[in-house]
Each structure stands twice: as C-alpha cells, then as structure tokens.
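Engineer: quick one, what's the 3D model for this:
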Amino acid sequence: MLFEMEEPESNAVVATTNSSALPQAATTVSIRLWHLINLLSLDAVTVGLTWQLVFTLQFFDRFPSLVESSIIGISIWLAYTADRILDSRRLQCELPHSLRHSFHHQFQTWVCFWWILALGLNVILITRFTNADQIKWGMVCLLLVFLYLLNAQKNNSTLRRIPKELQAGLIFGFGVSLVCWPAAAQPITSPLLASTLVTGSLFSINCATVAYWERRLDTAQTFLAWTSQRNTTLAPIAYALALEFALILVMLYSGLLPTFISYCLLSSTSCLAITIFSNKRYEQNQTRDRGTPSAQSPKGRELLADLSLILPPATLIVWRVYHGELPTCVITPIMAMTN
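Structural biologist: Next comes the predicted model:
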C-alpha cells in the first residue's frame, strides 16, 4: 500500500559548506506502509519492548506486566516523537532531509495533538500503578532524556564532547532496564549495571550507524551528529562492533554478564554487523550518485538495522519460554570462544 506526501516546490540549486550543489525538484514522495513504522517511531518502541522483556526474563524470570510495557512503550514514543518534532521546527525543506522530519513538519499539529494525549495517558498510568521507588527511578530517566533533548537542540558545548548517538543509546539502554532497577537486590546490582551498559553500547552503535547512513542529510540541515564536520568512514563503527563483541565475551567469561542476556547481545551484534557491511556496496553506489532528492524515504537498511535488535532476542525469548533453555547451536560456539 502506498501513501503520498507533497514536498515543497523548489527549483533552486542549493549548496552547503560541506556538500556539493544538490539540485532540488518538486516531488511527490510515495510512502509505503512499512515506512510508517519508522515515521511514527514504532520501530523504536518495538525494540524497547523486546529488550524490556529480555531484562525482566533475565533478572526476574517473568514477563513484564501490561502496565510496565505500556509505560515504557509510551515513554519511548514520547521521547522519540518530541525529538523529531523539535528537529522539524527548524527543518529547511528546500535542503535535503529525511522523510521522517518532513512527515513531522507537515503533520506537526496532529502529531502534537496525539503526543499530548499519549503524555496524559502515561501520567495516569504512572500515578495509578507505580510506587514511589519506581517514580524515583523514572524521574532519573526523564531528567536524562530532558538533558539529551536540550543538548540536541541547543548544541551544548560541554555535552557535545559526548557523541549524541552514545548519549541516546545509553539512555535507551537505561530505559529498557528501568523496570528492574527499583526492585534490584544487592546480588543482581552489578550484573544489571553491566547488562545495561553493554546493551546501551549496542544501541549506540545502531544510532551511530543510522547517523552514518544519513550523514549527507544531517550535514545539509546542520543537525548535530557524530559525522558532523569530519570525513567519516565506517572504521569507527567497525572498531565499536569489535569492542562490543570482545566486551560481551570477556564479561560473560568472568561471570559479570548473565548468560541469557549475553546470547541476546551477541546475536543482535552479529546481525547488526552483517547488516552494516552488506550495505557497503550500496553506500559506494550512493557516493557516486550525486543527485539527492529533497526528501529521502527510509531504506530497507534502516528496517534491517532495527530487525537486528528485535528478531535475535525475540527468537531466543521464544526458545527459552517453550524449552526452558537456550539451543545447543547457540551455546556451543560461544562457550568454545570463552574457553
């Protein structure tokens, strides 16, 4: 199924300090149904709910309640949508930009309306179904999100030293593990902290990858990203993936990282690495093609990057629930690497 969005007409040729002149044309952008998953931030919500389930299974051996999932799902949607609304307010439509920013710019009134309704619903759920400790930890996460949004919009020089993608990934990791922290007993505090940090690092790599794929658009719009004001290659992402693999294996071997969550992290990291490097040829073709449409639709690679964070842990969750243990084909190679 296709939907259409009208792009502002512009026949001008524009240029930025970090990109060649890019011809603009009046276009009608076709939106496929699966694009809406990205445009409406539902991919981020799905990733968050999947990993919340991983954490509750690992540390509490239970499923999250409907209220817990609703609160974290709505909170993720509120944070992502707020970030996109704020970005869209300063969007220069005559310059290259992503379709999600164009979507939030064009439908800003409706998106804000639904954002306010979702915020009200979340406040009701939190006040009626959470205790003081849960609210305390939630306020910590809210403060971190607020500081991130403030930094992303105001470009604070102090926080700018920490890449925006690293900030977003670590906050996201803290958010999906949030249900565990208020009830965390002393014996699980260290494994929970280690799991949160390593999971946040994986999310940061995912964010950095998307920023790399969209570097030309961010440069044209002068959006803050780790790719800003530098000749960027895949090398930092490759090093980060290698470090992530090594860190997971070392922490698993030392007993600091729990087994189930380690396998979820290793499988997701592997799938993300395959997605990134299988896309390299596409990147080379894109570099040779200098024509850039005014609004770029999400590519299949963005969907695959999100699926890398969803399908591997979801598969292991299903196996654990129905069989009570992880498959031998997963355990044997990993134990061989750690011995």
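Engineer: who's in contact with the host helix or strand of Asn122?
Structural biologist: Here Asn122 sits within helix 108-129, counting by DSSP states H and E. With C-beta atoms under 8 Å, 6 or more residues apart in numbering as the test, helix 108-129 has contacts from 67, 70-71, 74-75, 77-78, 81-82, 85, 88-89, 104, 135, 138. Bear in mind the C-beta positions are built from the backbone N, C-alpha and C, glycine included.
Engineer: same question, stretch 307-320
Structural biologist: Contacts of stretch 307-320 (C-beta under 8 Å, 6+ apart): 46-47, 50-51, 53-54, 57, 202-203, 206, 260, 263-264, 267-268, 270-272, 274-275, 326-327, 330.
Engineer: if any of these are buried, give me the PyMOL selection for them.
Structural biologist: Filtering the contacts of stretch 307-320 down to the buried ones (16 or more other C-beta atoms under 10 Å) takes a single PyMOL command:
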select buried, resi 46+47+50+51+53+54+57+202+203+206+260+263+264+267+268+271+272+275+326+330
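Engineer: ok, which stretches of this protein are strands?
Structural biologist: 2-6, 13-16, 19-23, 28-32, 97-98, 295-296 (DSSP state E).
Engineer: worst mean pLDDT among those?
Structural biologist: Within the strands of the chain, confidence is poorest for strand 13-16, with a mean of 36 (mean pLDDT).
Engineer: show me the shaky parts of the stretch 151-300 of the chain.
Structural biologist: 154-160, 186-187, 221-222, 228-230, 281-299 (pLDDT under 70).
Engineer: next: the stretch 1-150 of the chain.
Structural biologist: Applying pLDDT under 70 to the stretch 1-150 of the chain flags the ranges 1-31.
Engineer: can you do 90?
Structural biologist: Filtered on pLDDT under 90, the stretch 1-150 of the chain yields the residue ranges 1-39, 84, 86-106, 147-150.
Engineer: and the helices in it, which stretches?
Structural biologist: Applying DSSP state H, counting those that start in this stretch to the stretch 1-150 of the chain gives helices spanning 35-39, 42-60, 66-89, 99-106, 108-129, 132-154.
Engineer: report all helices and strands that the third one contacts.
Structural biologist: Where contact means 3 or more C-beta pairs under 8 Å, 6 or more residues apart in numbering; DSSP states H and E, helix 66-89 is packed against helix 42-60, helix 99-106, helix 108-129, helix 132-154, helix 164-176.
Engineer: again, 6 Å this time
Structural biologist: helix 42-60, helix 99-106, helix 108-129 (3 or more C-beta pairs under 6 Å, 6 or more residues apart in numbering; DSSP states H and E).
Engineer: nearest to Leu192, out of those helices?
Structural biologist: Checking those against Leu192 by C-beta to C-beta gives helix 42-60 as the closest, at 6.2 Å.
Engineer: let me see the residues that make contact with the closest one.
Structural biologist: 37, 62, 64, 69, 72-73, 76-77, 80, 176-177, 180, 188, 258, 260-261, 264, 306, 309-310, 313-314 (C-beta atoms under 6 Å, 6 or more residues apart in numbering).
Engineer: pull the distance from that helix to the chain's centre.
Structural biologist: Distance of helix 42-60 from the chain centroid (C-alpha atoms, centre = their mean, to the nearest Å) equals 13 Å.
Engineer: quick one: the residue found closest to Tyr80 once you drop the neighbours it is linked to in the chain from Glu214, how far?
Structural biologist: Nearest residue to Tyr80, sequence neighbours excluded (C-beta to C-beta, 6 or more residues apart in numbering): Ser41, at 4.0 Å. Distance, Ser41 to Glu214, using C-beta to C-beta, to the nearest Å: 16 Å.
Engineer: the two: who's more crowded?
Structural biologist: Glu214 (23 against 20; other C-beta atoms under 10 Å).
Engineer: and the more buried one, what is it in contact with?
Structural biologist: Taking C-beta under 6 Å, 6+ apart, one finds nothing in contact with Glu214.
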